[in-house]
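Asks: for reference, the sequence and a predicted model appear below.
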Amino acid sequence: MFMTVKSSPLLDFLAATLADETLPNTIEQADFTARFVARGIVQIDPNQRTSRDIVISCGIHGNETAPIEICNRLLQRIARGELAVKQRLLVIFGNPAAMLQQTRFVDENLNRLFCGSHSQGEQNLERKRAAEIEAAVAAFYVDASRARLHWDLHTAIRASAHEKFAVCPYQPERGYRRSVLALLADAGIEAFLFNHAPAYTFSYHSSKLFNADAFTIELGKVAAFGANDLSRLEKLDVVLSRLIAGEELTPDADVLKDVTFYQVSRVITKDHDSFDFSFAEATANFTRFSQGELIAKSSTNSVFCDAVTEAIVFPNAKVPVGQRAALCVVPVSIEQVCM
Ligand SMILES: O=C(O)CCC(=O)N[C@@H](CCC(=O)O)C(=O)O
Ligand SMILES: [Zn+2]
């Protein structure tokens, strides 16, 4: 179906997604075809040859709204012809049902259900959605010879000592290239956190199964729709726009000199309903503890800082028993984590 700019669902894809509007399978605009793959998922194929397949996801957690607003604005600019699409692009609004409820998830944390783990239990809203998202990504990443990038955009529950940071999925076989990290630093990323083990997260899925340069990217603190200061994400917006526009970006590796690197040293798992942290609710991500300091406690166990210094990231005592309650990280040098 050929669409005029005025009637394109891309003008407000967020509204169309939340309303669960019935969309045509495809629309054609002057320079591209947009395919509406499933609710909140649109694939854009430019008419001209491209070199890179880009996945941008947001709203995997429904209340993390700033990245959703950024993606909606990018799509709007594409629809209006203000941003030329010169690379294949898949944009995913992860969890529309949770967005409507303004919650992190409805039944279960979607970002623990990738790599097929959604099929290993009773089906629910997030398990079905994880399967749908995986199918869309597999259909998009058809050509292994092409460069693949996936930025999974989030915001954190609490404030962070590094406002914007990236979680690097565990990929011991491939390692990390400085140019890939420098691109993120250009986009405003202040710290990198290298995972020490496989996970069932979306970024790990794209990294492991498709060899994509995939990252979970944290972009500040959770806020409601309309309450985000998007000017704080200006650098990200610029880099994403330039990537979509097909610019060959060659960031200066020197930009990494201003960035902090951390390695995950261990995961603190919630072991009992009585589990709680020793610190105040408002404690920021990357707060450091000294050796021997109490970090968390339950009726069956106490967790102490067991390195000279450890910082905690994503502490959340409200997760179900058996799940990650926090990551402990230690500072490392770029040489320890990069090729
Ligand atoms: O602020 C928090 O506690 C959670 C923020 C968030 O959603 N983080 C992601 C990180 C995923 C990863 O480790 O790659 C998550 O917990 O799913
Ligand atoms: Zn999140």
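Replies: Right, received. Where do you want to start? Ligands and ions are numbered 1, 2, ... in the order given.
Asks: how about the contacts made by residue 36?
Replies: Counting by Cβ atoms under 8 Å, 6 or more residues apart in numbering, residue 36 touches 9, 23-27, 42. The C-beta positions use only the backbone N, C-alpha and C, and glycine is treated the same way.
Asks: are any of the residues you listed buried, and which?
Replies: Burial by neighbour count, 16 or more other Cβ atoms under 10 Å: within these this picks out 9, 23, 27, 42.
Asks: widest-spaced pair of those?
Replies: Within the buried ones among the contacts of residue 36, two members stand farthest from each other by Cβ to Cβ: 27 and 42, at 9.5 Å.
Asks: what's the overlap in contacts for the two?
Replies: Joint contacts of residue 27 and residue 42 (Cβ under 8 Å, 6+ apart) are 10, 34, 36.
Asks: near ligand 1, which residues of the stretch 1-150 of the chain are found?
Replies: 61, 111 (Cβ under 6 Å from any ligand atom).
Asks: give me the phi and psi for residue 180.
Replies: phi -70, psi -40 (degrees, to the nearest 10).
Asks: which residues of the stretch 151-300 of the chain lie near ligand 2?
Replies: residue 154 (Cβ under 5 Å from the ion).
Asks: quick one, strands of the stretch 151-300 of the chain?
Replies: 164-168, 191-194, 213-221, 260-269, 276-277, 287-290, 294-297 (DSSP state E, counting those that start in this stretch).
Asks: any chance of the contacts of residue 36 in CSV, plus pLDDT?
Replies: Output for the contacts of residue 36, formatted as CSV (pLDDT from 0 to 100):
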residue, pLDDT
9, 96
23, 96
24, 94
25, 96
26, 96
27, 96
42, 98
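Asks: where in the chain is pLDDT low?
Replies: 1-5 (pLDDT under 70).
Asks: can you list the domains in it?
Replies: Following automatic domain parsing, one finds the domains of the chain at 5-258, 265-337.
Asks: looking at those domains, which is buried most?
Replies: domain 5-258 (a mean of 19; mean count of other Cβ atoms under 10 Å).
Asks: double-check residue 272 against residue 297; I have them as touching.
Replies: No - applying Cβ atoms under 8 Å as the test, residue 272 and residue 297 come out as separate, 9.8 Å apart.
Asks: ok, of the buried ones among the contacts of residue 36, which one's closest to ligand 1?
Replies: residue 42 (22.8 Å; Cβ to the nearest ligand atom).
Asks: noted, bye for now.
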